[in-house]
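S.K.: Predicted structure and sequence below. I'll ask about it afterward.
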Amino acid sequence: MKTLKYRRPRGTRDIIPEEYELRERLLEKVQKTIRAYGYKFIITPVFERTELFIRSIGDSTDIVEKEMYTFKDKKGRSFTLRPEGTAPVMRAFLENGIVPPAKLAYVMNMFRAERPQKGRLREFWQVGVEAIGVKDPLVDAEVIEMGYSILKELGAEKLVVLLNSIGSIDERQAYKKALLDYINEKEQDGSLDLCEDCKRRKNKNPLRILDCKIDGPKLKDAPSLTEFLSPESLKYFNEVKKYLDRWKVNYREEPRLVRGLDYYNHTAFEIVSEKIGVQDTLLGGGRYDSLAEDMGGPATPAIGWAMGLERIIDYFYRIPIIPGPFYFVTTVNEFSKGYAIGLLKKIREWKIPSDMTFEPKSLKAQMKIADRLNAVKAVIVGEDEIKLQKVRVRDLETGKEELVPEKDLVRIYEEYLAERRKKGLI
Ligand code: ATP
Ligand code: MG
């Protein structure tokens, strides 16, 4: 085999036709459900000013510390390929004067310079939602329940919502101090040795250590954030849980869940599947009531989540075999070929996927090609058929044939679609 000169960048993927079909079907379902909850879709630019992400996500997060694709333009301004959707969507909400309450959703690709591995890409797709302008436990529960339902609908099994309240900024401040005291004490008596990243994070944002894959588990006995929540925060959290119970969402309280991004407060959650293990989160989100104000807009509470499309596809789906052209038109000689290209054009005007071979080939060879393309029916145009003003349609699976007038080709196709729909194949 010759060695290819070019390959796609590590951590990216080509979406070849089979996966494309699968994605379209998944997205169609997801978008329908999201719209049923009252959301409207938007798209923001692939790149934004770098400050947008640094300021809103926070400079002690993994994303800002090491995962951003940042570049300078010719005038020396710094831009970054979006690593997440919340900050750009909030920016777009403010900049376009969208009136709250607003429910905005997106399907966008994200870019993070991570070490590529299963479930972890450098370019990946997220479906996300942001409910902007309302602070009410019912909204938190609604947003979580929607994510849970979507994952269920997509076929994800053994789902659990990991749920926490990370309180207000003041409450977190008090907790940060307590956590820091605990860590310092343990470090001094030699029973705790933090990783390099966490040593740095410790003074900037010790909460992030709870989220660290290496050091998080070492802090099992550290004080819990829940103990630092005010009665109001606890009440809010209890109501969220009450509504989740009401909607029969399977959740588990996880007092150490803090989420990686700085802009969160109060409700924080992730949805995992116990079938694939909890390390690969399918969906993550939380409330972020100060982000709009931090960006120079009016105080606007909000909550949202994002889910990774590839993790769902990779863990819960087999890539399907997709049918080729529905009709493969075959000819027997030059005369029938002249007729067939007219017919092909008509079939395409009916928007039925169809094709034929243009170079002269025997009928047998044409059938072989139809087979290889995974075509569903062959349309045989011979001199007898032309004389009768009819075409012969052969089912390529059963070999059954029928002689029908041209316009019946539409009916046959529609019956096929109806059948597939009934079987849940489309
Ligand atoms: P993790 O802890 O796995 O790094 P995260 O906290 O960085 O996740 P979020 O920023 O909350 O993840 O993104 C939401 C979802 O997007 C994740 O739950 C996951 O499904 C998906 N996701 C995040 N990073 C990647 C990636 N590098 N490749 C593929 N999907 C990803
Ligand atoms: Mg991450």
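M.R.: Right, received. Where do you want to start? Ligands and ions are numbered 1, 2, ... in the order given.
S.K.: Could you use CA atoms for every contact and neighbour count after this?
M.R.: Noted.
S.K.: any chance you could map the helices in the stretch 101-250 of the chain?
M.R.: Across the stretch 101-250 of the chain, reading from the start of the chain, the helices by DSSP state H, counting those that start in this stretch fall at 137-153, 169-188, 196-204, 207-211, 231-246.
S.K.: Identify whichever of the ones you listed lies nearest to Asn265.
M.R.: The closest approach between Asn265 and any of those, judged by CA to CA, belongs to helix 169-188 at 7.0 Å.
S.K.: chain center to the closest one: distance?
M.R.: Its chain's average C-alpha position is 35 Å from that of helix 169-188, according to CA atoms, centre = their mean, to the nearest Å.
S.K.: can you pull the buried residues of that helix?
M.R.: 171-172, 175-176, 178-180, 182-183 (16 or more other CA atoms under 10 Å).
S.K.: Deepest-packed of the helices of the stretch 101-250 of the chain, please.
M.R.: Ranked by mean neighbour count under mean count of other CA atoms under 10 Å, the helices of the stretch 101-250 of the chain are led by helix 207-211, which reaches a mean of 23.
S.K.: Can you pull the residues of the stretch 251-400 of the chain lying near ligand 1?
M.R.: 260, 280-284, 306-308, 311 (CA under 6 Å from any ligand atom).
S.K.: can you list the residues you listed in CSV and add secondary structure?
M.R.: Formatted as CSV, these follow (DSSP: H, G, I helix; E, B strand; the rest coil):
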residue, secondary structure
Gly260, coil
Asp280, coil
Thr281, coil
Leu282, coil
Leu283, strand
Gly284, strand
Ala306, strand
Met307, strand
Gly308, strand
Arg311, helix
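S.K.: now for the residues you listed, which pair is the farthest apart?
M.R.: Greatest spacing in these, by CA to CA: Gly260 and Arg311 (18.5 Å).
S.K.: quick one: which of the buried residues of helix 169-188 is nearest ligand 1?
M.R.: Distances from the buried residues of helix 169-188 to ligand 1 were compared by CA to the nearest ligand atom; the smallest belongs to Arg172, at 19.1 Å.
S.K.: my guess is Tyr243 meets Ala141, correct?
M.R.: Yes. Counting by CA atoms under 8 Å, Tyr243 touches Ala141, with 6.0 Å between them.
S.K.: Run through the strands of the stretch 51-200 of the chain in chain order.
M.R.: Ranges of strands in the stretch 51-200 of the chain, per DSSP state E, counting those that start in this stretch, are 70-72, 78-81, 102-111, 123-132, 159-165.
S.K.: Please identify which of those is closest to ligand 1.
M.R.: Taking CA to the nearest ligand atom, strand 123-132 is the member of these nearest to ligand 1, at 5.1 Å.
S.K.: Pairing partners for that closest one, with directions?
M.R.: Sheet pairing of strand 123-132 (DSSP bridges) gives strand 102-111 (antiparallel), strand 302-308 (antiparallel).
S.K.: could you check the angle helix 137-153 makes with it?
M.R.: Relative orientation of strand 123-132 and helix 137-153, computed by axes from the mean of the first three to the mean of the last three CA atoms, to 10 degrees: 150 degrees.
S.K.: Any regions of the protein where pLDDT drops low?
M.R.: Along the chain, segments meeting pLDDT under 70 span 1, 260-261, 278.
S.K.: Am I right that Val393 is in a strand?
M.R.: Yes. Secondary structure assignment places Val393 in a strand (three-state DSSP).
S.K.: Pull up the residues of the stretch 101-250 of the chain that are close to ligand 1.
M.R.: Selection of the stretch 101-250 of the chain residues close to ligand 1 by CA under 6 Å from any ligand atom yields 114, 119-122, 124, 126.
S.K.: got CSV for those residues, with neighbour count too?
M.R.: Putting these into CSV (neighbours: other CA atoms under 10 Å) gives the following:
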residue, neighbour count
Glu114, 16
Gly119, 18
Arg120, 18
Leu121, 21
Arg122, 23
Phe124, 20
Gln126, 20
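S.K.: Identify, from the residues you listed, the entry nearest to Met108.
M.R.: Minimum separation from Met108 among those (CA to CA) is found for Gln126, which lies at 5.6 Å.
S.K.: Leaving out chain neighbours, which residue sits closest to that closest one?
M.R.: Beyond its immediate neighbours in the sequence, the residue positioned closest to Gln126 (CA to CA, 6 or more residues apart in numbering) is Gly308, lying 4.6 Å away.
S.K.: Quickly note the distance from that neighbour to Gly147.
M.R.: Distance of Gly308 to Gly147, computed by CA to CA, to the nearest Å: 12 Å.
S.K.: where do the contact lists of these two overlap?
M.R.: When contacts are counted by CA atoms under 8 Å, 6 or more residues apart in numbering, Gly308 and Gly147 are jointly contacted by Leu283.
S.K.: The nearest residue to Glu274 once chain neighbours are set aside - how many residues pack around it?
M.R.: What sits nearest to Glu274 in space, not counting adjacent residues and going by CA to CA, 6+ apart, is Lys158, at 5.3 Å. The criterion is other CA atoms under 10 Å. On that basis, Lys158 has 13 neighbouring residues.
S.K.: I'd like to know how far Lys158 sits from ligand 1.
M.R.: As for Lys158, its distance to ligand 1 is 16 Å (criterion: CA to the nearest ligand atom, to the nearest Å).
S.K.: Check Ile209 too.
M.R.: Distance from Ile209 to ligand 1, by CA to the nearest ligand atom: 12 Å.
S.K.: got it, and Pro323?
M.R.: When CA to the nearest ligand atom is the yardstick, Pro323 and ligand 1 sit 28 Å from each other.
S.K.: Just give me the neighbour total for that residue.
M.R.: 12.
S.K.: Surely it forms part of a helix?
M.R.: No. Using three-state DSSP, the assignment for Pro323 is coil, not a helix.
S.K.: The spatially closest residue to it that is not a sequence neighbour: how many residues sit nearby?
M.R.: By the measure of CA to CA, 6+ apart, the closest residue to Pro323 outside its immediate chain neighbours is Asn374, 5.6 Å from it. Other residues within reach of Asn374, judged by other CA under 10 Å, total 18.
S.K.: circling back: same list, the strands of the stretch 51-200 of the chain, but as CSV with distance to Leu22 please.
M.R.: Compiled in CSV, those are given as follows (distance: least, CA to CA, whole Å):
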stretch, distance to Leu22
strand 70-72, 32
strand 78-81, 26
strand 102-111, 15
strand 123-132, 14
strand 159-165, 22
